[in-house]
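Trainee: fold the following.
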Amino acid sequence: MSLRKSLSAVLGLLMFLAVAGCSRQVFAQAATTAVDSDKQDDETNLDTQLYLLVATNQDVDDGKLPAALEPVVKQLRAALPFKNYRLAATLINRVKNNSRLNLKWIGGPLVPAGANSAASPSFNEFKVNGIKLTGEPGSVRRVRMDGFSFGVRIPIIQTVASAGAPPVINYESTGLNTDISMREAEPVVVGTLNIGPSGDAIILVMSVRTTAR
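Mentor: Alright, predicted model coming up:
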């Protein structure tokens with residue numbers, strides 16, 4: 001009887017060790033799969049598109065807008081009381097997943113020259129502290145952008161030119177800072193910025209998609 005009990009105990013112990021070993025193996029495989037998935041995501045590249053739209057009530061030519069922005073502009077026309085929309089700039093950049101982006105550039109005048117606006121260059125800066133793709137392939141994936149920041153310095157005429165003297169121009173700053181999340185490859189309006197006494201506005205539209213390679 002004692003021998004039978006001893007054999008039963010040994011068999012039970014062997015079965016327990018076998019189950020524990022299988023569990024450790026399954027856990028190790030799952031952990032390896034998770035690490036491989038994270039590594040694959042870390043190697044993913046993202047194409048970012050930032051569109052600067054200028055909304056105005058002045059009589060200017062809208063110009064041709066990208067087809068990708070047609071649904072966005074349709075919504076804007078229904079929500080904002082502006083007569084015309086034109087594309088001032090398109091910024092396309094490739095970044096690594098879970099990285100950052102910082103751009104500075106000199107652009108043309110964002111508003112037509114008038115009584116209070118000068119036909120001088122604008123100074124722009126766009127940066128994102130962290131760009132992260134979330135979700136699993138095959139599902140609806142989202143892109144998180146932490147520390148999204150856009151700023152522009154716009155020339156404003158402070159003193160009208162007198163005879164023989166140039167006008168006095170000061171650069172006024174406007175900008176936007178936020179954290180956003182969006183569906184992959186779906187353009188979204190990030191925000192609007194007032195850019196002068198004329199009441200014109202910059203509308204920031206952002207889109208991010210994974211690259212094919």
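Trainee: just read off the phi/psi values of Thr44.
Mentor: The phi/psi pair for Thr44 (degrees, to the nearest 10) reads phi -70, psi 140.
Trainee: cool, Asp200 as well?
Mentor: According to degrees, to the nearest 10, Asp200 has phi -70, psi 160.
Trainee: look up how far Gly199 lies from the nearest residue to it once chain neighbours are set aside.
Mentor: Closest residue in space to Asp200, ignoring its immediate chain neighbours: Thr56 at 4.4 Å, by Cβ to Cβ, 6 or more residues apart in numbering. C-beta coordinates here come from the backbone N, C-alpha and C atoms, glycine included. Distance, Thr56 to Gly199, by Cβ to Cβ, to the nearest Å: 8 Å.
Trainee: for those two, indicate the residue with more neighbours.
Mentor: Of the pair Thr56 and Gly199, Thr56 is the one with more neighbours under other Cβ atoms under 10 Å, namely 21 against 14.
Trainee: please enumerate the helices of this protein.
Mentor: Taking DSSP state H as the test, the helices found in the chain are 2-42, 70-79.
Trainee: among those helices, show the one with the smallest mean pLDDT.
Mentor: Mean pLDDT values for those show the minimum at helix 2-42, a mean of 54.
Trainee: low-confidence regions, the chain specifically.
Mentor: 1-42, 61-63, 112-118, 160-162, 164, 212-213 (pLDDT under 70).
Trainee: where is the longest strand in it?
Mentor: Using DSSP state E to define each element, the chain has its longest strand at strand 142-159.
Trainee: name the helices or strands packed onto that strand?
Mentor: Judged by 3 or more Cβ pairs under 8 Å, 6 or more residues apart in numbering; DSSP states H and E, strand 142-159 is in contact with strand 122-134, strand 168-183, strand 188-194, strand 201-210.
Trainee: what angle do that strand and strand 122-134 make?
Mentor: Interaxial angle, strand 142-159 versus strand 122-134 (axes from the mean of the first three to the mean of the last three Cα atoms, to 10 degrees): 170 degrees.
Trainee: with just CA atoms, put strand 142-159 into CSV.
Mentor: This file holds the C-alpha atoms of strand 142-159, laid out as CSV (Å, rounded to 0.1, in the frame of the first residue of the first chain):
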residue,chain,number,x,y,z
ARG,A,142,-5.2,55.0,-34.8
VAL,A,143,-2.3,57.4,-34.7
ARG,A,144,-1.6,59.3,-31.5
MET,A,145,0.3,62.6,-31.8
ASP,A,146,1.5,63.9,-28.4
GLY,A,147,2.7,67.5,-28.2
PHE,A,148,1.3,68.6,-31.6
SER,A,149,2.5,72.2,-32.1
PHE,A,150,2.1,74.6,-35.0
GLY,A,151,3.2,78.3,-34.9
VAL,A,152,3.5,81.0,-37.5
ARG,A,153,4.7,84.6,-37.4
ILE,A,154,2.7,86.8,-39.7
PRO,A,155,3.7,90.3,-41.0
ILE,A,156,1.3,93.0,-39.9
ILE,A,157,1.5,96.7,-41.0
GLN,A,158,1.7,98.8,-37.9
THR,A,159,2.3,102.2,-39.5
